[in-house]
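Q: the sequence and its predicted three-dimensional model are supplied below.
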Amino acid sequence: MLLDLPVPHQQQQILETMSAHSFDYLDRLEAEAIHILREVAGQFERPALLFSGGKDSIVLTRLAEKAFRPGRFPFPLVHVDTGHNFPEVLAYRDQLAAELGEKLIVRSVEDTIKRQRLREPGGKFPSRNPLQTYTLLEVIEEFEFDACIGGARRDEEKARAKERIFSVRDEFGQWDPKRQRPELWNVYNGRIQKGENVRVFPISNWTELDVWRYIQRENINLPDIYFGHERTCVVLPSGQLLGLSEHLQLDEEDEIVTRQVRFRTVGDSTCTAAVESDASTVEDIIQDLLLAKVSERGATRLDDNISEAGMEDRKRNGYF
Amino acid sequence: MDLLRFITCGSVDDGKSTLIGRLLYDSDSVSLDVLAALENRPTVQGTVDLALLTDGLRAEREQGITIDVAYKYFTTPRRKFIITDAPGHVQYTRNMVTGASNADLAIVLVDARQGVVEQTRRHTLVAALLGIRNFVLAVNKLDLVGFDETIFEQIAADYAALTDHFQLPAATAIPLSALHGDNVVKRSTRLPWYTGPSLLEHLESVPASVEAANAEPRFQVQYVIRPQTADLPDYRGYAGQIQSGQYRRGDRVKVLPSGLESVIEAIEVNQQEVETAVAPQAVVLRLTDDVDISRGDAIIPVEHVPTVTRELEATVCWMSEQPLWPGRKLLLQHHSAVVKAAVPAILHKVNVQTFARAAADSAQLNDIVRVRIKTAVPLAVDNYHENRVTGAFILVDEQSGDTVAAGLIGAANADYFTAPVAPPVAFSI
């Protein structure tokens, strides 16, 4: 016979073994992510986990506990603080780092702006998202990080759908979609030359819904702003709601309303829109999501709407 | 709910991206803002171009082609699906190999007006080479041949001749129109003669990945956990993923390649001790003896020890523009083991259209060749056709760090490509 196939009784045994362990798709995604985190620990000298305080990076810390306890994490948590963060998220960040007993490094976009004499974004909604890249590259240089673990997912955006799990960047952090390494099986090649570094995305294969189902299963605490709460917001021309903060430049004709809202992502508060929701539990959010017809990025990010190739351009320039 | 990973393969104009777009669209996996972005783009028919859901990069949108492997996700109440979309161009065998390496099932797409063409054979054989045994023949654009049953039957018969010839399991053939949605998610009333499932119904019911849980037990150390704290001064845990089979507490094991023996004292999953663990679980193993073990070592029950060797014969898909020549030195990465390696001989080249052998003194980009490999350190390996995890490796260029080849171990399986040249394929109109 040319190609060996399992004989039927073997297949039967396989099914029995599987059902005895009752693996579902979340178990598989979890095992894959832990495997990736351990590859980072095994292959790199100075890795870091980029921690934003958002749900995806919070899930990463849970996965890291599963990968490395009872030992310490083989990497610090690194937060690039835009200065426009939600205060609830910063409080959560500090508390989580303390509970985990892991090292937290914070570097601020504010300092980068001063040091590199960058121009502050102007305009009505002065998002510092594009400036995060500068701070990220600075912190990589400062600590000579050779691998940065992030919580990006391929389902977030079309350019992300082609991202590797181990994504090699040059010393300017640039991503070249035509020069990506083929990624075969679950064999991850993190070999780099001096000056290069690797971005690693352990939850690449998870969707937003998967993340929420995992949060539910693992009973993970999140910052309050993920759940429905009353907030004073500005109504944007698109109809989207933006939480009121001191960073916004308001006009007299801006419409200010108070609504029951929650956030689906927790980035820069000047470009992270809120969605109307009274979901108060993870289960409510999952139900919301099952009904939701607007994808995560579209609902909440103002900066990708600028051009269809927005994400691709920012990734090429070293964005996370 | 379980998980199915599948790859879609087809030639340039078979409508592959449209088919994926249709699966996402009709299963309500496309959100409103993504649709709005599509609707802003001009199309020939003035309708939504579903192919744009997968063509992610600007170069692709400009040229209207897919240049790299993309991943898409959707979930039905029955299953989570991961779609690997690999481009169909002749020169992109490397993408096809990459995509197939992680897939449980392949959808082979053909245009009903073209039938089974050379690329259909190529895609099928590459997928089969990478270990896929579950094939769906999606006969697309049936609307353009008037939903003619005889045309569909002829194409299905041509394809069956192909799978028979290579002793592959029979494919499930489904007539459909991705553009109009017939038989993709919903069964179509326009093909009353077809009584089988729609494509999605089939994907939801086909047995999902039962990867190697019953194969020989295999485990490789990824990372050694040593807290060295006051509470745990001597704790030493070997962290890794069970690659195949099952591990039990109390198993007598060999550490490879050193050959040292010990016993599994504990298996930990998320810091809980368990009696047994099975692939693909991520675990920590602790052994009763304090033996010298580091990343890359395999820990395997004594009665299941595989070949430990410094000499391999392997089928290799070459993925670099710089050719492979006999004598070339590279790094071989066998999961967490990375060793220096040399390729002393290229035995022959494999024609991916026919599986026929041809003499070769080098391998160029997208060539599939049979090679002998020597490694500096012995490796514990299996044949790929027996174990898709431990039979696989990659070759890495030591200088650039680039992945230059995918390798399938097959020392005891030199007959893999001895099939006689396949009969000519009938082209249907």
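A: Thanks, I have it.
Q: any idea how many residues pack against residue 78?
A: In the absence of a named chain, chain A is used. A:Val78 has 22 neighbouring residues, counting by other CB atoms under 10 Å in any protein chain shown. (Each C-beta comes from the backbone N, C-alpha and C, glycine too.)
Q: my bad, chain B
A: 15.
Q: try B:Arg218
A: By other CB under 10 Å, the residues close to B:Arg218 number 27.
Q: cool, and A:Asp27?
A: 17.
Q: swap in A:Phe143?
A: Using other CB under 10 Å: A:Phe143 sits among 14 other residues.
Q: show me the contacts for it.
A: A:Arg46, A:Ala48, A:Val78, A:Ile105 (CB atoms under 8 Å, 6 or more residues apart in numbering or on different chains).
Q: list just the nearest of the residues you listed to A:Asp56.
A: Relative to A:Asp56, the closest of these is A:Val78; by CB to CB it sits at 14.7 Å.
Q: in the stretch 51-200 of chain B, which spans are strands?
A: Taking DSSP state E, counting those that start in this stretch, the strands of the stretch 51-200 of chain B run over residues B:70-75, B:79-85, B:105-111, B:135-140, B:172-175.
Q: with distance to chain A and mean neighbour count added, can I get those strands in TSV?
A: Formatted as TSV, those follow (distance: least, CB to the nearest CB, whole Å; neighbours: other CB atoms under 10 Å in any protein chain shown):
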stretch	distance to chain A	mean neighbour count
strand B:70-75	5	22
strand B:79-85	4	23
strand B:105-111	14	26
strand B:135-140	12	25
strand B:172-175	16	23
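Q: still on that earlier bit, out of the contacts of A:Phe143, which sit inside strands?
A: Under the assignment DSSP state E, those contribute A:Ala48, A:Val78, A:Ile105 to strands.
Q: may I see the buried residues of the longest strand seen in chain A?
A: Ranked by number of residues, the top strand in chain A under DSSP E is strand A:255-263. By neighbour count on 16 or more other CB atoms under 10 Å in any protein chain shown, the buried set for strand A:255-263 is A:Arg259, A:Val261, A:Arg262, A:Phe263.
Q: the closest residue to B:Arg121 other than its chain neighbours: neighbour count?
A: Nearest residue to B:Arg121, sequence neighbours excluded (CB to CB, 6 or more residues apart in numbering or on different chains): B:Gln353, at 5.4 Å. Using other CB under 10 Å, B:Gln353 is surrounded by 14 other residues.
Q: ok, now how distant is B:Gln353 from chain A?
A: According to CB to the nearest CB, to the nearest Å, B:Gln353 and chain A sit 16 Å apart.
Q: per-residue pLDDT, the residue nearest the centre of chain B?
A: Closest to where the C-alpha atoms of chain B average out (CA atoms, centre = their mean) is B:Ser101, at 2.0 Å. B:Ser101 is assigned 93 on the pLDDT scale.
Q: got the residue ranges for the helices in chain A?
A: Per DSSP state H, chain A carries helices over the ranges A:8-21, A:25-43, A:55-68, A:87-100, A:109-115, A:129-143, A:208-218, A:282-291, A:296-300, A:310-316.
Q: and the residue nearest to A:Gln287 when sequence neighbours are not counted, how many neighbours?
A: The shortest distance from A:Gln287 to any non-neighbouring residue, by CB to CB, 6+ apart, is to A:Ala279 (7.5 Å). For A:Ala279, the neighbour count with other CB under 10 Å is 18.
Q: in contact with A:Ala279, which residues?
A: Contacts of A:Ala279 (CB under 8 Å, 6+ apart): A:Phe227, A:Gly228, A:Arg262, A:Ile285, A:Gln287, A:Asp288.
Q: before we move on, what about B:Tyr71?
A: A:Arg154, A:Ala161, A:Lys162, A:Ser204, A:Asn205, B:Ile82, B:Ile83, B:Thr84, B:Asp85.
Q: likewise for B:Gln281?
A: A:His21, A:Asp27, A:Ala31, B:Gln241, B:Ile242, B:Val269.
Q: tabulate the residues you listed (a markdown table), appending distance to B:Arg295.
A: Listed next are those as a markdown table, based on distance: CB to CB, whole Å:
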| residue | distance to B:Arg295 |
| --- | --- |
| A:His21 | 26 |
| A:Asp27 | 24 |
| A:Ala31 | 18 |
| B:Gln241 | 13 |
| B:Ile242 | 16 |
| B:Val269 | 20 |
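Q: adjacent strands (with direction) for the helix or strand harbouring B:Ile264?
A: Element membership for B:Ile264, per DSSP states H and E: strand B:260-269. Sheet pairing for strand B:260-269, assigned by DSSP bridges, gives strand B:252-256 (antiparallel), strand B:272-274 (antiparallel), strand B:282-287 (antiparallel).
Q: among the ones you listed, which is the most enclosed?
A: strand B:282-287 (a mean of 23; mean count of other CB atoms under 10 Å in any protein chain shown).
Q: quick check: angle from it to helix A:55-68?
A: 20 degrees (axes from the mean of the first three to the mean of the last three CA atoms, to 10 degrees).
Q: now, of the contacts of A:Ala279, which are buried?
A: A:Phe227, A:Gly228, A:Arg262, A:Ile285, A:Asp288.
Q: output those residues as a markdown table; include the columns distance to chain B.
A: A markdown table is the format used below for the buried ones among the contacts of A:Ala279 (distance: CB to the nearest CB, whole Å):
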| residue | distance to chain B |
| --- | --- |
| A:Phe227 | 22 |
| A:Gly228 | 21 |
| A:Arg262 | 18 |
| A:Ile285 | 16 |
| A:Asp288 | 13 |
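Q: and those, which is closest to B:Ile107?
A: Nearest to B:Ile107 among the buried ones among the contacts of A:Ala279, with distances taken as CB to CB, is A:Asp288, at 32.4 Å.
Q: look at the closest residue to the closest one other than its chain neighbours and report its pLDDT.
A: For A:Asp288, ignoring the flanking residues on the chain, the nearest one in space by CB to CB, 6+ apart is A:Ala279 at 5.1 Å. Looking at A:Ala279, its pLDDT is 88.
Q: same thing with the one 10 residues further on?
A: Residue-level confidence at A:Leu289 comes out at 80, pLDDT.
Q: my guess is it contacts A:Trp212. True?
A: Yes - contact criterion CB atoms under 8 Å: A:Leu289 and A:Trp212 qualify, at 6.3 Å.
Q: helices of chain B, residue ranges please.
A: Under DSSP H, chain B gives helices at B:16-26, B:32-39, B:58-63, B:93-101, B:118-129, B:149-165, B:199-205.
Q: chain B contacts on the stretch 51-200 of chain A?
A: A:65-72, A:74, A:154-155, A:158-159, A:161-162, A:168, A:177-178, A:180-187, A:189, A:191-193, A:196 (CB under 8 Å from any CB of the partner chain).
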